[in-house]
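Q: have a look at this prediction, sequence included:
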Amino acid sequence: MKLVASGLYDQTVKIWDAATGICTQTLKGYSDYVTSVAFSADSKLIASGLNDKTVKIWDTATGSCIQILKGHSDYVMLVSFFPALKLIASGSYDKTVKIWDTVTGTYMQTLGGHSRAIMSLAFSPDLKLIISGLGDQTAKIWDIVIGLSTQTL
């Protein structure tokens, strides 16, 4: 079954069967708007970014929240899993990208120095670079091994 997820202003995340359009699960327990959702590569986890400045990690099999990641000082606008790794990136209105370990919930790294809110994230195929798109129509390429921006586009 192919699944998709949606985060809603009603403070839920809904998981849908893409073939039938049927909602198979509703994740509740949010205290604020859900601004973004992402599946892990194996679809066993869902990450959700929230207006309350947190990221929640959910187990899709049980529907339970297994991690609440705190560290942003403003809205979390997007979340994205590193393909094939147990890491997640979150981008925020606080002008940072944060990298987290999804197993332990440990904060690992902050990519800062942005002039505006983070609006998009993407990873290179070798998982060594991340690009963050900003609200000022620029993008930064980051070497996540050393935690430095290598280029502004």
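A: Sure, I can see it.

Q: the residue lying farthest from the centre of the chain: helix or strand, and which one exactly?
A: Of all residues in the chain, residue 20 has its C-alpha farthest from the mean position, at 26.1 Å, by CA atoms, centre = their mean. In this structure, residue 20 is located outside every helix and strand according to DSSP states H and E.

Q: try residue 94
A: Residue-wise, residue 94 maps onto no helix or strand under DSSP H and E.

Q: contacts only, for it.
A: The neighbourhood of residue 94, defined by CB atoms under 8 Å, 6 or more residues apart in numbering, consists of 53, 72-74, 117. (C-beta placed from N, C-alpha, C; glycine too.)

Q: can you name the residues bridging to the residue most central in space within the chain?
A: Closest residue to the average C-alpha location of the chain: residue 79 at 1.2 Å, with CA atoms, centre = their mean. Using DSSP bridges, the beta-bridge partners of residue 79 come out as residue 90.

Q: what does residue 140 give?
A: Counting by DSSP bridges, residue 140 is bridged to residue 132, residue 152.

Q: just checking, it touches residue 121?
A: No - using CB atoms under 8 Å as the test, residue 140 is too far from residue 121 to be in contact (10.5 Å).

Q: okay, and the common contacts of those two?
A: Taking CB under 8 Å, 6+ apart as the criterion, residue 140 and residue 121 both touch 131-132.
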